[in-house]
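Peer 1: Any chance you could fold what I've pasted below:
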Amino acid sequence: MAQARKYHKDAPATNAERQAAKRARDKTQWVEISREAHDAHNTRLEALQTAIHEAARRGDSTAATCNSANLETLLEKLQAHFAGIK
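Peer 2: Numbers count the residues shown, from 1 in each chain. Below is the predicted model of the structure:
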């Protein structure tokens, strides 16, 4: 869906107007987090992945079912596995 212009439709947009419109669009599409929070989140996910790999290697059936080289896939498999348990 096209964004409504925030400046006069008959006049060309100034650089400042275009930049302001882009910043407004970006705020609706992106989430800002600190580098520290991002890195801490990734560290926890990698620790989870390592623990699952080790548990699968030791023969844990849940870990073997959910094991994946890709973190996104691993999380999807975990969610699907535990969503199926009633």
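Peer 1: switch to C-alpha atoms for all contacts and neighbour counts from now on
Peer 2: Will do.
Peer 1: Show the end-to-end separation of stretch 29-40, please.
Peer 2: 23 Å (C-alpha to C-alpha, to the nearest Å).
Peer 1: residues of that stretch that come out buried?
Peer 2: For stretch 29-40, a neighbour-count test (16 or more other C-alpha atoms under 10 Å) marks nothing as buried.
Peer 1: swap in stretch 74-84?
Peer 2: 74, 75, 77, 78.
Peer 1: quick one: that stretch to chain centroid distance?
Peer 2: 17 Å (C-alpha atoms, centre = their mean, to the nearest Å).
Peer 1: looking only at pLDDT, what's the mean for that stretch?
Peer 2: The pLDDT scores in stretch 74-84 average 90.
Peer 1: quick one: the residue nearest to residue 55 when sequence neighbours are not counted and residue 54, what's the gap?
Peer 2: In space, and not counting its chain neighbours, residue 55 is closest to residue 63: 5.8 Å by C-alpha to C-alpha, 6 or more residues apart in numbering. As defined by C-alpha to C-alpha, residue 63 lies at a distance of 8 Å from residue 54.
Peer 1: how near is residue 42 to residue 71?
Peer 2: For residue 42, the distance to residue 71 - C-alpha to C-alpha - is 10 Å.
Peer 1: whoops, residue 39 was the one
Peer 2: 14 Å.
Peer 1: In the protein, what residue spans correspond to helices?
Peer 2: 15-29, 35-57, 61-66, 71-83 (DSSP state H).
Peer 1: I'd like the buried residues of stretch 74-84 written out as JSON lines, with distance to residue 22 added.
Peer 2: Formatted as JSON lines, these follow (distance: C-alpha to C-alpha, whole Å):
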{"residue": "74", "distance to residue 22": "35"}
{"residue": "75", "distance to residue 22": "33"}
{"residue": "77", "distance to residue 22": "37"}
{"residue": "78", "distance to residue 22": "37"}
